[in-house]
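[1] pasted the sequence and its predicted model underneath.
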Amino acid sequence: MKIAIIHDWLVTYAGAEKVLEEILKVYPEADIFSLVDFIPEGQRDFILNKKVNTSFIQNLPLAKTKYRSYLPLMPIAIEQFDVSKYDVIISSSHAVAKGVITGPEQLHISYVHSPIRYAWDLQHQYLKEAGLNKGLKGLIAKFLLFQIRNWDYRTSNGVDYFLSNSNFISNRIWKVYRRKSSTIYPPVDVSSFTMGHEKEGFYLTASRMVPYKKINVIVEAFNNMPDKKLIVIGDGPDFEKIKVKAKNNIQLLGYQSFEVLKDHMQRAKAFVFAAEEDFGITPVEAQACGTPVIAFGKGGALETVNGFNETENPTGLFFKEQTPQSIEDAVKQFEKISDFISPINCRENSIKYSPERFREEFKRFVDETLKEKSLSLSKEEVY
């Protein structure tokens, strides 16, 4: 059985790449296709140091840093991959990977991190943040996104089975493609995060500082609570702007090593998470350290955090709005009920998202769908 894995782009080692890494552990003999591959030598262990089949975008000017600018060409590029000799095609897609062309006798399973966010429900937010909501450039951008939506919907018909990384994304897949999907939660390296037993008096948040992560909102909330200490780990475009706003009870550490992040997660009173994520890895990592999570009650966090008064073994609580006041109220509520949230419960909840569990569920799904595909083809031959 020949297997091809289609990835959007290989430029860093992040969430989608961790999924790719675990799929390759299940199918180490698989060939990899990606629009571009700029992973440097010495950092390619996660793809087993394999040679990657890339598209023409790899050789376009400034592709290494400006590959996203070639979005209008990506549908054409992904369709140029010839995967006709493969029995099983697995696409890991948050952009265009699922659009690879496959034949009727091939099995195409698409693990969707999200339908193209900036082309669908986040289009207006994306255009506004990019300064493309007005003028001629804005009109051109809107037309291109319109074309990509048409292509994205059409190519959903080339997928035999959809997998989603959360029920939240499963609902988005249904909304956009009108296709059912099964959820297999992505792998989180919970074994690298050991439980901390001695909690200290500070709150923690950690993230890349970009607008949708809402770090500025968390900082504003703690600005209004001078008696409570907040530590912020992470860097990004909004770092300086947020640093200027932060008062003396807030400490911005910028980018830190894994060991420093883990140490703070183990000692934090609670981890504050204000983003609306498709899944959200950091809340799971915090729980793996035995640390409760105060999270925005929307998106993947609703599936990874057991809310207080919602389950027998709570691992955190939710706030309803991405506003400073809502976070303030949640922190004050947390301080009243924190003794009822056990570090052991947090740790045990995180184990459900281990890489071992992901590999087992993923292989089982592929095996089962292969049988279904084989039976379907056999019936067609009879008729």
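    Perfect, thanks for sending it. Numbering: from 1, shown residues only.

[2] the strands in the protein, which residues?
    Assigned by DSSP state E, the strands in the chain fall at 3-7, 31-34, 52-54, 88-93, 107-112, 161-164, 181-183, 202-206, 229-233, 250-254, 270-273, 293-296, 316-319.

[3] which strands and helices sit next to the fourth one?
    Packed against strand 88-93, as judged by 3 or more C-beta pairs under 8 Å, 6 or more residues apart in numbering; DSSP states H and E, are the following elements: strand 3-7, helix 15-26, strand 107-112, helix 355-382. Every residue, glycine included, has its C-beta placed from N, CA and C.

[4] ok, and what's touching it?
    The contact list for strand 88-93 (C-beta atoms under 8 Å, 6 or more residues apart in numbering) reads 1-8, 16, 19-20, 23, 27, 30, 83, 97-98, 100, 102, 106-113, 159, 366, 370.

[5] quick check: domain ranges of this structure?
    The chain breaks down into these domains under automatic domain parsing: 3-187+355-382, 190-353.

[6] picking that back up, got CSV for the strands of the chain, with distance to Ser350 too?
    Formatted as CSV, these follow (distance: least, C-beta to C-beta, whole Å):
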stretch, distance to Ser350
strand 3-7, 26
strand 31-34, 29
strand 52-54, 32
strand 88-93, 23
strand 107-112, 21
strand 161-164, 20
strand 181-183, 17
strand 202-206, 16
strand 229-233, 19
strand 250-254, 23
strand 270-273, 12
strand 293-296, 10
strand 316-319, 12
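
[7] mean pLDDT added to the domains of the chain, as CSV?
    CSV is the format used below for the domains of the chain (pLDDT from 0 to 100):
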stretch, mean pLDDT
domain 3-187+355-382, 94
domain 190-353, 95
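
[8] winner for burial among these?
    Between the domains of the chain, domain 190-353 has the highest mean count of neighbours, a mean of 19, where neighbours are mean count of other C-beta atoms under 10 Å.

[9] first vs last residue of it, how far apart are they?
    8 Å (C-alpha to C-alpha, to the nearest Å).

[10] what about the helices in the stretch 201-350 of the chain?
    Using DSSP state H, counting those that start in this stretch, the helices found in the stretch 201-350 of the chain span residues 215-223, 239-245, 258-267, 281-288, 301-304, 324-337, 343-350.

[11] what are the C-alpha coordinates of the shortest one, in CSV please?
    Which is helix 301-304. Extracted in CSV, the C-alpha atoms of helix 301-304 (Å, rounded to 0.1, in the frame of the first residue of the first chain):
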residue,chain,number,x,y,z
ALA,A,301,-11.2,25.2,25.1
LEU,A,302,-14.7,24.0,25.8
GLU,A,303,-13.6,20.5,24.9
THR,A,304,-10.2,20.4,26.7
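
[12] gap between His94 and Ala16?
    To Ala16, His94 is 6 Å away according to C-beta to C-beta, to the nearest Å.

[13] any shared contact partners between the two?
    With C-beta under 8 Å, 6+ apart as the test, His94 and Ala16 both reach 8, 113.

[14] how far away is Asn171 from Arg179?
    In this view, Asn171 and Arg179 are 12 Å apart by C-beta to C-beta.

[15] ok, Pro75 next?
    Using C-beta to C-beta, Pro75 is found at 18 Å from Arg179.

[16] again, but for Leu35
    Going from Leu35 to Arg179 by C-beta to C-beta gives 23 Å.

[17] contact partners for the residue nearest to Gly138 when sequence neighbours are not counted?
    In space, and not counting its chain neighbours, Gly138 is closest to Leu132: 4.6 Å by C-beta to C-beta, 6 or more residues apart in numbering. Applying C-beta under 8 Å, 6+ apart to Leu132 gives the contacts 138, 141-142.

[18] in helices only, show me those residues.
    If you go by DSSP state H, those have 138, 141-142 in helices.

[19] tell me if I'm right that Gln322 and Lys214 touch.
    Yes: with contact defined as C-beta atoms under 8 Å, Gln322 and Lys214 form a contacting pair (5.2 Å).

[20] out of the strands of the chain, flag the one nearest Asn150.
    Closest to Asn150 of the strands of the chain is strand 88-93 (C-beta to C-beta; 17.0 Å).
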